[in-house]
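[1] mind looking at a prediction? Sequence and model below.
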Amino acid sequence: MKASGTANLPLHYGYVPSWLSERMTRLGLAITEAIIAEYGTVEVLRRLSDPFWFQSLGAVMGMDWHSSGITTSVMGALKAAINPHSKELGLYICGGKGKRSKQTPAELLNIAQQTGLDGNHLVRCSKLSAKVDNTAIQDGFQLYTHNFILNKEGMWTVVQQGMRNDSATARRYHWHSSALHSFVEEPHTGFCGIHQGEIINLVDKAAVPAQHAMLSMTREHPDRMVHEIKKLILPNHHEVKAKDVDLKRLGAMLWLTQENQPEDFEELLLLKGMGPRTLQSLALVSEVIYGTPSRFTDPARFSFAHGGKDGHPFPVPINVYDETIEVLSKAVQQAKIGQSDKQQAIQQLSIIARNVEKDFSPNNNFEALIEKERRDSWKYGGKTIFGDAKPIKEHQLRLF
């Protein structure tokens with residue numbers, strides 16, 4: 001099984017305001033439709049099984065870039081966006097947080113009736129993935145959210161998360177069916193959580209003697225265990241710092257979209273409202289859709305598309321968010337009727353940004369960039385969970 005990584009997630013409480021959740025749903029649908037149009041539903045499942053990409057998606061949607069809340073909020077938004085269009089898209093999302101997770105078996109059986117898939121097998125996969133992460137891996141985290149995502153061909157991904165109250169941390173687990181041979185033989189594509197020291201992991205390579213001893217009692221003999229995978233460590237601090245971001249990638253994108261807009265983007269640039277700030281957001285959304293896995297090692301960078309609901313790195317620019325959704329949605333709809341010029345332009349935006357990076361040298365104005373975004377936030381309809389962004393009054397020095 002491919003190993004896509006681990007991430008450490010500080011446990012965040014709170015809520016997602018309606019003004020953001022509604023936009024997350026619309027942007028989630030547009031991004032999903034764009035990925036399906038370009039790569040198919042299999043690619044959507046693969047990306048959701050990648051902890052790095054998943055965190056980047058949450059950040060570009062305006063969620064707190066490093067928090068555990070991304071899991072339930074993003075999956076909730078995607079379920080609300082995708083399920084009304086499941087027959088058209090060929091993609092289904094089951095489960096959710098708390099009581100909704102227990103509805104997964106019934107939802108899967110209902111989908112099986114519609115598609116002809118083996119519902120009992122899908123239910124078994126759902127239950128086993130939860131059993132492994134809650135029982136076979138005793139790391140102190142109790143599952144409280146479970147989402148099972150599948151396509152009409154029966155391929156699936158699981159995104160589930162556990163909580164550890166004594167340390168205020170959460171751990172997200174990712175599963176993917178593409179190369180799954182056994183639930184006790186390299187089953188995961190990723191774990192997400194803060195390192196807590198020694199844990200009981202009965203599907204870890206180091207647990208071979210214990211597992212063999214236990215399995216000998218039931219006359220079962222699996223011969224390999226899950227290996228430890230690479231880690232994405234997300235810090236506790238709320239603010240986005242320069243060390244959290246690949247400055248060369250971010251700087252090249254900003255230079256391209258705000259200082260040196262490409263002249264071969266006539267159709268894109270002439271769209272209503274397409275100013276430098278919207279182009280900046282669209283470039284990061286474009287990378288979420290078309291970027292390769294190596295591009296998502298710094299999820300914090302994607303918060304520079306639409307900020308964060310807690311105000312870090314800056315308030316969510318509602319006007320820019322709406323313009324991004326409008327441009328992307330129109331591009332997807334036109335692609336459906338054979339007019340893919342705008343969608344190709346959006347794809348080219350991420351390609352050109354990557355090419356710019358090759359010889360780009362970032363400067364040291366990261367803090368100035370964040371300060372500028374915060375200072376201008378009110379111009380873009382900036383919002384946080386604390387209220388609307390206000391103009392910052394400049395203080396003039398008195399001569400006497």
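    Nice, thanks for sending it over. Bear in mind that the values here come from a model prediction, so they are computed numbers and not experimental data.

[2] who does the residue nearest to Leu48 when sequence neighbours are not counted form a beta bridge with?
    Using CB to CB, 6 or more residues apart in numbering and skipping the chain neighbours, the partner closest in space to Leu48 is Thr157 (4.8 Å). Heads up, the C-betas are built off the backbone N, CA and C, glycines and all. Counting by DSSP bridges, Thr157 forms beta bridges with Ile149, His176.

[3] Pro51 is in contact with Thr157, correct?
    No. Using CB atoms under 8 Å, Thr157 is not in contact with Pro51, being 11.7 Å away.

[4] identify the contacts common to those two.
    The contact sets of Thr157 and Pro51 overlap at His174 (CB atoms under 8 Å, 6 or more residues apart in numbering).

[5] any idea how far the closest residue to Trp175 other than its chain neighbours lies from Ala300?
    With CB to CB, 6+ apart as the criterion, Trp175 has its nearest non-adjacent residue at 3.8 Å, and that residue is Val158. Distance, Val158 to Ala300, by CB to CB, to the nearest Å: 26 Å.

[6] sorry, back to before: isn't the residue nearest to Trp175 right next to Ser129, touching?
    Yes. In this structure Val158 lies within contact range of Ser129 using CB under 8 Å: 4.5 Å.

[7] now do the strands in the stretch 51-200 of the chain.
    91-97, 137-138, 142-151, 156-164, 169-176, 188-193, 200-201 (DSSP state E, counting those that start in this stretch).

[8] and Glu356, how many neighbours?
    Quick fix: residue 356 is Val, not Glu. For Val356, the tally of surrounding residues (other CB atoms under 10 Å) stands at 18.

[9] ok, now Ile392?
    For Ile392, using other CB under 10 Å, the count is 12.

[10] quick check: closest non-adjacent residue to it.
    Among residues not flanking Ile392 along the chain, Arg375 sits closest, at 5.3 Å (CB to CB, 6+ apart).

[11] any idea of the mean pLDDT in the helix or strand Met24 falls within?
    Using DSSP states H and E, Met24 maps to helix 18-39. Helix 18-39 shows a mean pLDDT of 95 in the predicted model.

[12] angle of the following helix or strand past that helix against strand 91-97?
    The helix or strand immediately downstream of helix 18-39 is helix 41-48, counting by DSSP H and E. Interaxial angle of helix 41-48 relative to strand 91-97 (axes from the mean of the first three to the mean of the last three CA atoms, to 10 degrees): 30 degrees.

[13] isn't Pro293 up against Phe52?
    Yes. Counting by CB under 8 Å, Pro293 does reach Phe52; the two are 7.1 Å apart.

[14] between these two, tell me which one has more neighbours.
    Shown here are Pro293 and Phe52; by other CB under 10 Å, Phe52 has more neighbours (23 against 14).

[15] could I get the average pLDDT for stretch 152-172?
    For stretch 152-172, mean pLDDT is 85.

[16] now it: how far from the chain's centre is it?
    Here the centre of stretch 152-172 is set off from its chain's centre by 13 Å, with CA atoms, centre = their mean, to the nearest Å.

[17] kindly report the same for stretch 360-373.
    For stretch 360-373, the gap between its own C-alpha mean and the chain's C-alpha mean amounts to 25 Å (CA atoms, centre = their mean).

[18] what does that stretch contact?
    Residues outside stretch 360-373 that contact it (CB under 8 Å, 6+ apart): 240, 242, 245, 247-248, 250-252, 254-255, 304, 307, 313-314.

[19] in stretch 246-260, what counts as buried?
    The neighbour-count check on stretch 246-260 (16 or more other CB atoms under 10 Å) flags 247, 249-254, 256-257 as buried.

[20] redo those as TSV? Include secondary structure, distance to Asn151 and pLDDT.
    Formatted as TSV, these follow (DSSP: H, G, I helix; E, B strand; the rest coil; distance: CB to CB, whole Å; pLDDT from 0 to 100):
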residue	secondary structure	distance to Asn151	pLDDT
Leu247	helix	37	86
Arg249	helix	31	87
Leu250	helix	34	87
Gly251	helix	38	85
Ala252	helix	35	82
Met253	helix	32	82
Leu254	helix	36	82
Leu256	helix	35	73
Thr257	helix	34	75
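
[21] dump the residue contacts of the closest residue to Ile111 other than its chain neighbours.
    Counting by CB to CB, 6+ apart, the nearest residue to Ile111 once its immediate chain neighbours are dropped is Tyr92, at 5.1 Å. By CB under 8 Å, 6+ apart, the residues touching Tyr92 are 82-83, 86, 107, 111, 149-152.

[22] ok, Leu45 next?
    Each residue near Leu45 by CB under 8 Å, 6+ apart is listed here: 149-151, 155-157, 176-178.
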